[in-house]
Structure formats: C-alpha cells, structure tokens
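Novice: Turn this into a model:
(chains A, B, C and D)
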There are 2 protein chains.
Amino acid sequence: MPEAVPQNEPASVRASAVETIQRELTSFARRARATAARLHPELSLVSYTLLAHLEELGGCRATDLAAHYALDKSTVSRQVSALERAGLVMRRVDPDDHRVQVLHPTAAGTEILAQVTVSRRQLFGERLADWSEDDLTRFAAYLERYNEAAAQGG
Amino acid sequence: MPEAVPQNEPASVRASAVETIQRELTSFARRARATAARLHPELSLVSYTLLAHLEELGGCRATDLAAHYALDKSTVSRQVSALERAGLVMRRVDPDDHRVQVLHPTAAGTEILAQVTVSRRQLFGERLADWSEDDLTRFAAYLERYNEAAAQGG
DNA sequence: TCCCTCTCGTTGCATTCTACAACCGGACTT
DNA sequence: AAGTCCGGTTGTAGAATGCAACGAGAGGGA
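Specialist: Residues are numbered from 1 along each chain as shown, chains lettered A, B, ... in the order given. As a prediction, this is how the structure comes out:
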C-alpha cells in the first residue's frame, strides 16, 4: 500500500516539472527509432543497444539482456538470432550449465559496433555542440539517475 | 578522485558525457513502450502522446502531429482514425481550408487522458520522489533543450 | 534413483507500429 | 484553365513485440 505522501500542497512546480520530464522523455522515445534507422540502417536501435551491452559487459546471457531492457525473452532470442546470422554475435554454451548460452560479440560485431558508435557519437555530439561541458555532465548524470530508478522501480 | 586529471583533453570529458547521454536516452527508449503498455494498456504510448498533444494545444492538424513526433503522416492518420473510432478524438474540417481537419479530444478523450495522466504522473512521481525540486526543473529544462535540438537537427 | 519443479531458450501465432508509394481532392499560382 | 503544392487516406510490406506452448538441462527431495 502506498503511504500517505503530503499531497495537499500545490506542488505545482514539482508536478509541472515531472509532467515535462515524462512528456519530453516519451517524445524522445518517439524519435529514437526513426533516428537510429536513418543513421545506421544496418543495425536497428534494438540490435545496436543489445550489441553494445554485450560489448560493454564482455558477454552475458540472453535472459540478462531481456531483464535489463524489459524485453520478452522471445524478442531477445530473435534479435540475438538475427545478430548471429549476421555474424555479429557468437554463442558459447556454459560448461557449468548447459542450459545457458553466453553471448559474445564477434570481431565483425565489434567492428560494426565501433562504426555505428562513431556515427552516433557524431550526431549526438552535433546536437549537443553548443552545450557547456558542465551542462553535459549534469544532463548525463540526471539521465543515469533516472534510468537507475526506472530499472528498479519497474 | 585522483587530482591527476588528464589535462591534455577536455574533449574526452565531453565525449564521455555525450556517450552516456545517448546510451541512457536509448536505454530509456527501450523501456518506454513496455512501461506504457503495462501502465495503461487501453492507451498505447503513441496514442497517449498524440492525445496529450491535442489536449495541450486544444487541437491541431494531423500533419502537425506527424512533424512534431517525426512520424509518417500515414502512421498518424491511422492512429487518429483509431482514436476517432474509440470516440476519443473528433475531427472538424477547417472552414477556411477544406483540406484541413482540425483534431480535438472529445469529452471521453479528455476523461481517459486525465486518468492515464494521473497514473503516469504517479509512476513518474514515485521515480522522481527523492529528487529536489531544483534537480527536477533542471532535468526538465535539459530534456526540452535536447528535444528542441533534435527536432531541428533531424 | 526417480520424479517434480524450476530455469533458459526456441518457436508458432497474433497484434501493433511503422514507412513508403500511389492516390484523391482542395487550394494557390500563373 | 493548367500545373503545382498541400493535407490526408489507403494498399502493401516489413519489423518489433508479447503470450503461450514446448523442449532440454539442472536441482531438490523422497
């Protein structure tokens, strides 16, 4: 049961800010896929994200990816299959538990990921060109903080 | 933190921040739809966003929605049709230009939108509960600033 | 050892979202 | 009046996604 949070106050400033945040975040979500498709048609936004995650962690299970990105395991399974067919990802059966397949980016996967990352970094860098370094780091910190809360709170 | 800060490149700080921003934004995008679907199955993320936009503006054209959310006009057309079939949106032909249909939320649309907004505001409010008002407004400002740049820069 | 149950992953199926292209009809320009 | 532009719809196709059912391996308890 949610407890009683002081709600009687106007809280107009907070509410307005929260409203703006959710609206702008969803607005961003609206654009993200199209942007990715335009920027790097060879690697969809999902594929890019999953591949980048594998690269960052140096390998993990499909279930981990599903949990981390709130995707169904079947979705991840298909995405991974596509990545494997494209030669960008390798599966390795865990010797300790034959149910698990540890996923790794291949050399080709790392290569393409690097290229895509460059172009993405360029685009995003242009968009953020006139931001001060201070604003950039603070914005980044806010986003991390938000996503952390979102990941836990469901 | 070591005080031996890499002095030769302030650019690395920027690149790192930009990297984080794009990663976190895309990570958010991964969750957004699922969150919306879980939170209010009766109104998809797209429908909610479009309807909220109509409510906020008090009515606009389908083309405006398409431009604002970087969606194809056919996509918006179908979404609006669905909203109209559901009785949440009304079309009104512009008397000055018979090509134009001005879209308005109906009473039912406003009603549902209000409910969904409440639940969304609650969820987002919980996620942002421990944020200071200052951080909230600054985060909101950053998001608006980013989306503005994204909208123009394509 | 033999079951029961859990976990990891795949596949069939249906739905939704989306873009592109072709098209219609109204409006503006010449 | 003709050509062009603009707002919107529809046909078509592809991709992403979730749910449910299933198979196979792992672990626990009788």
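Novice: Briefly note if stretch A:32-49 comes near DNA strand C.
Specialist: Yes. Using C-beta under 7 Å from any atom of the strand, a contact is recorded between stretch A:32-49 and DNA strand C, made by A:33-34, A:37. Bear in mind the C-beta positions are built from the backbone N, C-alpha and C, glycine included.
Novice: Could I get the average pLDDT for that stretch?
Specialist: Regarding stretch A:32-49, the rounded mean pLDDT is 83.
Novice: Quick check: which element contains the most centrally placed residue in chain A?
Specialist: By C-alpha atoms, centre = their mean, chain A has its centre lying nearest to residue A:49, at 5.2 Å. Assigned by DSSP states H and E, residue A:49 belongs to helix A:45-57.
Novice: packing partners for the lengthiest helix in chain A?
Specialist: As assigned by DSSP state H, the longest helix anywhere in chain A is helix A:12-39. Under the contact criterion of 3 or more C-beta pairs under 8 Å, 6 or more residues apart in numbering or on different chains; DSSP states H and E, helix A:12-39 touches helix A:45-57, helix A:107-127, helix B:10-39, helix B:45-57, helix B:62-69, helix B:107-127, helix B:133-153.
Novice: Swap in 6 Å and give it another go.
Specialist: In this structure, helix A:12-39 packs against helix B:10-39, helix B:107-127, helix B:133-153, with contacts taken as 3 or more C-beta pairs under 6 Å, 6 or more residues apart in numbering or on different chains; DSSP states H and E.
Novice: buried stuff in that helix?
Specialist: Buried residues in helix A:12-39, counted by 16 or more other C-beta atoms under 10 Å in any protein chain shown: A:14, A:17-33, A:35-36, A:39.
Novice: and the angle for it with helix A:107-127?
Specialist: 130 degrees (axes from the mean of the first three to the mean of the last three C-alpha atoms, to 10 degrees).
Novice: how far does helix A:12-39 sit from the chain's center?
Specialist: 15 Å (C-alpha atoms, centre = their mean, to the nearest Å).
Novice: for stretch A:38-50, same thing?
Specialist: 11 Å.
Novice: Would you mind naming what in chain A lies close to chain B?
Specialist: A:13-14, A:17-18, A:20-22, A:24-32, A:34, A:49, A:69-70, A:120, A:124-125, A:127-128, A:133, A:136-137, A:139-140, A:142-144, A:147, A:149-150, A:153 (C-beta under 6 Å from any C-beta of the partner chain).
Novice: relative to helix A:45-57, how tilted is the helix or strand bottoming out on mean pLDDT in chain A?
Specialist: When the helices and strands of chain A are scored by mean pLDDT, DSSP states H and E, helix A:12-39 comes last with a mean of 75. Relative orientation of helix A:12-39 and helix A:45-57, computed by the same axes, to 10 degrees: 100 degrees.
Novice: Are helix A:12-39 and DNA strand D in contact anywhere?
Specialist: No. Against DNA strand D, helix A:12-39 shows no contacts by C-beta under 7 Å from any atom of the strand, the least distance being 7.6 Å.
Novice: okay, the angle between that helix and helix B:10-39?
Specialist: 100 degrees.
Novice: quick check: angle from helix A:12-39 to helix B:133-153?
Specialist: 30 degrees.
Novice: what's the angle from helix A:12-39 to helix B:62-69?
Specialist: Using the same axes, to 10 degrees: helix A:12-39 against helix B:62-69 is 90 degrees.
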